[in-house]
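> sequence plus the predicted model coming up.
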Amino acid sequence: MGEEQAASVTKQFRQFDVVTDYSDHEYAELKNPPINTGSATYKTIMKEWKVLRDSLPESIYVRVYEGRIDLLRAVIVGASGTPYHNGLFFFDFQFPPSYPDVPPQGHYKSFGLHLNPNLYDSGYICLSLLNTWPGPKWEPWRSTMLQVLVSLQALVLNEKPYFNEPLLLIWFEKLSTRYNNDVFVMSCKTMMFLLQKNPNNFEDFIVEHFRSHGRDILTACKVYTEGFATVGHYQNEDSFLPERVHVSSEFKDSMTWVYPRLVKAFEKIQKNGPNDPSLRNFISQLDLMIGKTKAEYIQKLEENKEENKKRMMKLDFFGKLKEIFGLNTSAESNAAGIEASLLEKGSVGTKGIEACY
């Protein structure tokens with residue numbers, strides 16, 4: 001299946017649907033009294049379903065359960081411009097018997113990875129709307145499940161998650177960049193875990209999502225490892241920075257471990273099986289593109305070095321002339337004036353000046 005076909009299949013996956021199998025849900029074993037169809041809790045949950053069915057953003061998908069209306073599962077697709085881009089992040093929720101007087105309780109499917117200050121490796125979710133984090137609290141009869149999901153997407157899985165921690169200041173930008181690198185590695189590991197064990201009712205969605213976006217993910221791995229773009233900001237070759245950024249040895253080592261395993265995981269889900277040559281052909285082309293881009297960066301660096309060398313020689317030459325003529329202003333800004341003065345005095349011909357630098 002080609003990328004366009006895979007993307008089409010992903011789009012056909014309903015954003016909201018009612019299903020029956022909740023056996024792997026985090027709160028499946030939680031036994032609360034059945035919710036009476038005439039209760040305020042039941043009516044509120046039905047309203048929540050309608051809002052979710054009509055108003056979900058394109059990158060959030062939800063499943064609710066016919067036999068357990070108190071349970072809900074959602075997946076959020078990591079947004080472009082963040083270290084979570086193209087990743088999938090699963091959340092299980094349970095509506096307590098006193099809902100909506102109290103917020104839903106939630107659990108993040110972490111696979112033991114702590115990839116956000118608000119999402120613990122235990123699955124614990126820190127979010128003000130769930131009354132588990134500083135900020136605006138859950139307001140009964142006003143707050144909604146949709147607000148919770150949108151907050152997770154926009155406020156938690158954001159461009160600079162390092163600053164989700166209270167009291168961290170903006171001048172810790174370098175630490176934020178390093179944190180984004182770690183987050184991207186953990187996001188890639190999460191992809192592999194999801195492909196090994198698909199959460200129920202999302203099996204087809206997960207496979208088709210990574211068939212559609214796998215090549216972009218692999219390209220991002222290479223681009224970030226080589227320093228062509230900072231983590232989270234690769235979209236295409238237009239995203240490449242004018243100069244390569246420094247990449248830590250720790251990040252390079254992590255990606256050296258992750259990349260080949262991610263390739264194998266994506267190979268297994270190819271439509272024609274792991275021996276499908278299309279992905280391997282893509283990787284060969286990707287390696288050629290990376291090699292060519294590295295050579296272009298090196299050439300540009302050498303050209304810049306040569307230009308800087310000529311500029312410094314020129315400044316040094318005019319600095320010495322400044323001493324001779326007793327000028328007090330900067331040599332660089334008065335270079336043209338000095339040259340005109342020399343020509344006027346007839347001391348040095350134009351060719352002589354050029355020969356000096």
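It's in.
> helices of the stretch 1-150 of the chain, start to end?
Ranges of helices in the stretch 1-150 of the chain, per DSSP state H, counting those that start in this stretch, are 3-12, 40-55, 145-151.
> quick one: the second one to chain centroid distance?
With CA atoms, centre = their mean, to the nearest Å as the basis, helix 40-55 stands 31 Å off its chain's centre.
> how about stretch 56-72?
How far stretch 56-72 lies from its chain's middle: 24 Å, per CA atoms, centre = their mean.
> quick one: buried residues of stretch 86-100?
Applying a neighbour-count criterion of 16 or more other CB atoms under 10 Å, one finds 86-95, 99-100 buried in stretch 86-100. C-beta: built from backbone N, CA, C; applies to glycine.
> avg pLDDT for it?
Mean pLDDT, stretch 86-100: 97.
> for the buried residues of stretch 86-100, which one is nearest residue 267?
Nearest to residue 267 among the buried residues of stretch 86-100: residue 86, at 17.4 Å, using CB to CB.
> doesn't residue 77 make contact with the closest one?
Yes: distance between residue 86 and residue 77: 7.3 Å, which falls inside the contact criterion (CB atoms under 8 Å).
> turn the buried residues of stretch 86-100 into CSV, columns for distance to residue 205.
Formatted as CSV, the buried residues of stretch 86-100 follow (distance: CB to CB, whole Å):
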residue, distance to residue 205
86, 14
87, 14
88, 8
89, 13
90, 11
91, 15
92, 16
93, 18
94, 22
95, 23
99, 27
100, 29
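> narrow those to those in strands?
In strands, defined here by DSSP state E, the members of the buried residues of stretch 86-100 are 88-94.
> before we move on, back to that, of all the helices of the stretch 1-150 of the chain, which lies closest to residue 192?
Distance to residue 192, taken as CB to CB, is lowest for helix 3-12 among those, at 18.4 Å.
> need the contact list for the residue nearest to the spatial centre of the chain.
Geometric centre of the chain, nearest residue: residue 83, 2.3 Å, by CA atoms, centre = their mean. Applying CB atoms under 8 Å, 6 or more residues apart in numbering to residue 83 gives the contacts 159, 161, 180-181, 183-184, 187, 231-232.
> rerun that using 6 Å as the cut-off
Counting by CB atoms under 6 Å, 6 or more residues apart in numbering, residue 83 touches 180, 183-184, 231-232.
> pull the most distant pair out of those.
183 and 232, at 8.5 Å, using CB to CB across the contacts of residue 83.
> leaving out chain neighbours, which residue sits closest to residue 59?
Sequence neighbours aside, residue 77 is the residue nearest to residue 59 in space, at 4.0 Å (criterion: CB to CB, 6 or more residues apart in numbering).
> isn't the one you found up against residue 57?
No: Residue 77 lies out of contact with residue 57 (CB atoms under 6 Å); the separation is 9.4 Å.
> okay, these two: which has more neighbours?
Shown here are residue 77 and residue 57; by other CB atoms under 10 Å, residue 77 has more neighbours (22 against 15).
> how far away is the more buried one from residue 224?
Note on residue 77: its distance to residue 224, by CB to CB, to the nearest Å, is 19 Å.
> try residue 255
Residue 255 sits at a distance of 7 Å from residue 224 (criterion: CB to CB).
> okay, those two: which has more neighbours?
Neighbours per residue (other CB under 10 Å) separate residue 255 from residue 224, with residue 224 holding more: 25 against 21.
> got the confidence number for the more buried one?
On the pLDDT scale, residue 224 is placed at 96.
> list the contacts for it?
Contact partners of residue 224, counting by CB under 6 Å, 6+ apart, are residue 231.
> now do 8 Å
Shown in contact with residue 224 (CB under 8 Å, 6+ apart): 181, 184, 230-231, 234, 247, 251, 255.
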